[in-house]
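Asks: for reference, the sequence and a predicted model appear below.
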Amino acid sequence: AGRRVGEAAARHLKRAHLELGGNSALIVLDDADLDLAVSAGAWGSFLHQGQICMTTGRHLVHESLAESYVEQLAGKADQLPVGDPAKEQVALGPLIDERQRDKIHTLVTASVDAGARLAAGGRYDGLFYRPTVLADITTDSPAYAQEVFGPVAPVLTFSDLDEAATLAGQTEYGLSLGILSRDVMRAMALAERIPSGIVHINDQTVGDEAVAPFGGVRASGTGSRFGGAAANIEAFTETQWLTVQGDITRYPF
């Protein structure tokens, strides 16, 4: 849809700024606090049932922490209450409609059929989809490779920073990125290697401030625009070059 809007705007020579999809990665380095990392990861994937463009769609966890991370994340997912927020205190409410629910469930079941391990969730009641954790996945797993837009947390392991950078950048999207580490400078150096319009060091991928420029790269959009006066002015102002002289210039012709 975004590409069609861009094409239509181009035919009329109209400037268009597109905010599109994402499949944002949360990278958990080997020195990260495990409990805090699991909490951040759960929030990033399950907030608003994962129906946010910045949702944490891929959990890249160092191999030394991966087993414990999956176990704790699955335990947290199993304990989160799901239901109607108008009637009870819940952590997750309904999905937008049945079509989206079926898409999410198809991606989850296809990933399991392809060899992923269902550590939590993977079931629903009406539009209420349980927070889901997938382990033992590959980069080809549908719920990892595609934007799910649902409460699904696929976990993939890495062995070193080079592999983490490669995996995080191995997507058509580039909206948001989270890196968790006790070494902030190490995390920042890693972030410089991964194309992303937004980067959060020691936080999950969902973050938006009215005063901050917001936007992604690659298939996530055409860069920063709304958020802060400077971004808006740069995005939507057309400049004009005006010269003024007191007398007409005398030319040699």
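Replies: Looks like it arrived, so ask away.
Asks: and stretch 126-146, average pLDDT?
Replies: For stretch 126-146, the mean pLDDT works out to 97.
Asks: now swap in stretch 71-91 and tell me
Replies: In this model, stretch 71-91 carries a mean pLDDT of 97.
Asks: got the end-to-end distance for it?
Replies: Stretch 71-91 has an end-to-end distance of 20 Å (criterion: CA to CA, to the nearest Å).
Asks: just the buried positions in that stretch, please.
Replies: 72, 73, 74, 76, 77, 80, 82, 91 (16 or more other CB atoms under 10 Å). In this view, the C-beta of every residue, glycine as well, is placed from N, C-alpha and C.
Asks: the second one contacts residue 133, correct?
Replies: The one in question is residue 73. Yes - look at residue 73 against residue 133 with CB atoms under 8 Å: they come within range, at 5.2 Å.
Asks: what do the two both touch?
Replies: Residues within reach of residue 73 and of residue 133 at once, by CB atoms under 8 Å, 6 or more residues apart in numbering, are 119, 120, 153, 155.
Asks: quick check: residue 100 touching residue 151?
Replies: No - taking CB under 8 Å as the definition, residue 100 is not a contact partner of residue 151, at 11.4 Å.
Asks: so for these two, which sits in the more crowded spot?
Replies: Under the criterion of other CB atoms under 10 Å, the comparison of residue 100 against residue 151 puts residue 151 first, with 29 against 17.
Asks: show me the shared contacts of residue 73 and residue 133 that map onto helices.
Replies: Judged by DSSP state H, helices contain none of the shared contacts of residue 73 and residue 133.
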